[in-house]
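Visitor: Here is my input; please provide its structure:
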Amino acid sequence: MAETAYDPGNIFAKILRGEIPSHRVYEDDAVVAFMDVMPQGPGHTLVLPKAPSRNLLDADPATLGPLFAIVQKVALAVKKAFDADGVTIIQFNEPASGQTVYHLHVHVIPRFDGIPLKPHTGQMERPEVLVENAGKIRTALSN
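Guide: So this is what the prediction gives:
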């Protein structure tokens, strides 16, 4: 299968450029984290590099260190913010894996014993819930 070029028109690139709003919980020069608008559980957060990469397979290795340092930081914050029992970290590469947005991103989802993830059905969360959850995570990141 031939490599596909990065598409700067993907939804996450548009979010990074501020063309589409997001509920951001973290941002630095290299990485941004924001709430998933179709969460599989309360506090479902996406962490992505600002550098254009389709996925892990084509990312510049220099992008990965800063990205995963922030994935860890966000994972600790969501666990604390939601008093979760654990955290699921998911990252998809190419269609066969389930990747649907072609900008490298990592899902960080707080988990609770006995409660399964909701399916990724396209059901959007209410904006006020996203605002509240983003606030909890920002507070946990600042403490």
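
Visitor: From here on, just use CA atoms for contacts and neighbour counts.
Guide: Noted.

Visitor: Show me which residues of whichever helix in the chain runs longest are buried.
Guide: In the chain, assigned by DSSP state H, the helix with the most residues is helix 61-81. For helix 61-81, the neighbour count (16 or more other Cα atoms under 10 Å) marks 63, 66-68, 70-71, 74-81 as buried.

Visitor: Please state the backbone phi and psi of the residue most central in space within the chain?
Guide: Centroid check for the chain by Cα atoms, centre = their mean gives residue 46 as the closest residue, at 0.8 Å. Phi and psi for residue 46, reported as degrees, to the nearest 10, are phi -110, psi 140.

Visitor: Run the chain-centre distance for the longest helix of the chain.
Guide: 10 Å (Cα atoms, centre = their mean, to the nearest Å).

Visitor: what about the helices in the protein?
Guide: Using DSSP H, helices in the chain cover 11-16, 61-81, 127-142.

Visitor: Stretch 53-68 spans what distance, first to last residue?
Guide: For stretch 53-68, the separation between the terminal residues is 14 Å (Cα to Cα, to the nearest Å).

Visitor: tell me the average confidence for it?
Guide: Stretch 53-68 shows a mean pLDDT of 97.

Visitor: any idea how far it is from the chain center?
Guide: Distance, centroid of stretch 53-68 to centroid of chain: 14 Å (Cα atoms, centre = their mean).

Visitor: Identify the residues contacting that stretch?
Guide: With contacts defined as Cα atoms under 8 Å, 6 or more residues apart in numbering, stretch 53-68 is touched by 5-7, 30-31, 47-49, 51-52, 92-94, 102-105.

Visitor: Now, those that are in strands?
Guide: 31, 47-49 (DSSP state E).

Visitor: closest to residue 87 among these?
Guide: residue 47 (13.8 Å; Cα to Cα).

Visitor: ok, residue 115 - how many residues close by?
Guide: 8 (other Cα atoms under 10 Å).

Visitor: Noted, bye for now.
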